[in-house]
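Colleague: Would you be able to build a 3D model of this:
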Amino acid sequence: MIKKVIEDALNQQLTREMYSSNLYLSMAGFYHSINLSGFANWMRVQAQEEMFHALKLFDYILDRGGKAKIGEISAPPSNWQTPLEAFEASYNHEQLVTGWINELADLAIKEGDHATHILMQWYITEQVEEEATVSDIVARLKLAGDNPSSLFLIDNELKSRTFNPPAA
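Modeller: Presented below is the predicted three-dimensional model:
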């Protein structure tokens, strides 16, 4: 049986992951509106991945005998000034999520909840990958600057991303 303090914290993260999914879907819409279909695809896939993260928490809470509760999900922003600005917002968001995941890992240790601690290790590893990937794209966008040809090349590369559920 899951402790109430852990259940509450995981439910809060479940809601945050659903917000993340909405944020990336909103970013996909932004990129689509400025005719960057590769960027839009990348963000749409990211939205799917974030929903996978939410469902993983949802199932874990249920498997531990808890009650999964989805809290209020705020509307994400829907417009950014530049393609770079949106990806920088994505990177900042991933850093925020990493902090929340680390807090959950700390709570699991404090509460002696080894199962939740193991689950958080999966999320920690996932966050390292997410931050590195987004950081790389931000760096390439900065290198591209205002060069439309460079932006086109990055956009074309991002079209190839597909959703592959992460290994559990």
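Colleague: which ones are touching the residue most central in space within the chain?
Modeller: With distances taken as C-alpha atoms, centre = their mean, E50 lies nearest the centre of the chain, 4.7 Å away. Listed by C-beta atoms under 8 Å, 6 or more residues apart in numbering, the contact set of E50 reads E17, M18, S20, S21, L23, Y24. For glycine as for every other residue, the C-beta is placed from the backbone atoms N, C-alpha and C.
Colleague: isn't the last one right next to M51, touching?
Modeller: No: no contact is recorded between Y24 and M51 when judged using C-beta atoms under 8 Å, the distance being 9.3 Å.
Colleague: who's more crowded, those two?
Modeller: More crowded of Y24 and M51, by other C-beta atoms under 10 Å: Y24, with 24 against 19.
Colleague: need the contact list for the more buried one.
Modeller: M43, R44, Q46, A47, E50, S90.
Colleague: what's downstream of the strand or helix carrying it, the next helix or strand?
Modeller: Per DSSP states H and E, Y24 falls inside helix 4-33. Using DSSP H and E, the next helix or strand after helix 4-33 towards the C-terminus is helix 37-63.
Colleague: now the contacts of Y24 in a markdown table, with pLDDT and distance to E72?
Modeller: Listed next are the contacts of Y24 as a markdown table, based on pLDDT from 0 to 100; distance: C-beta to C-beta, whole Å:
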| residue | pLDDT | distance to E72 |
| --- | --- | --- |
| M43 | 98 | 23 |
| R44 | 98 | 24 |
| Q46 | 98 | 22 |
| A47 | 98 | 19 |
| E50 | 97 | 17 |
| S90 | 98 | 22 |
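Colleague: Next, count neighbours for the closest residue to N102 other than its chain neighbours.
Modeller: Computed as C-beta to C-beta, 6 or more residues apart in numbering, the closest residue to N102 that is not its neighbour in sequence is I124, at 7.1 Å. Number of residues near I124 (other C-beta under 10 Å) recorded here: 14.
Colleague: Neighbours of the closest residue in space to L25 that isn't next to it in sequence, how many?
Modeller: The shortest distance from L25 to any residue other than its chain neighbours is 4.1 Å, reached at A47 (C-beta to C-beta, 6+ apart). Neighbour count for A47, taken as other C-beta under 10 Å: 20.
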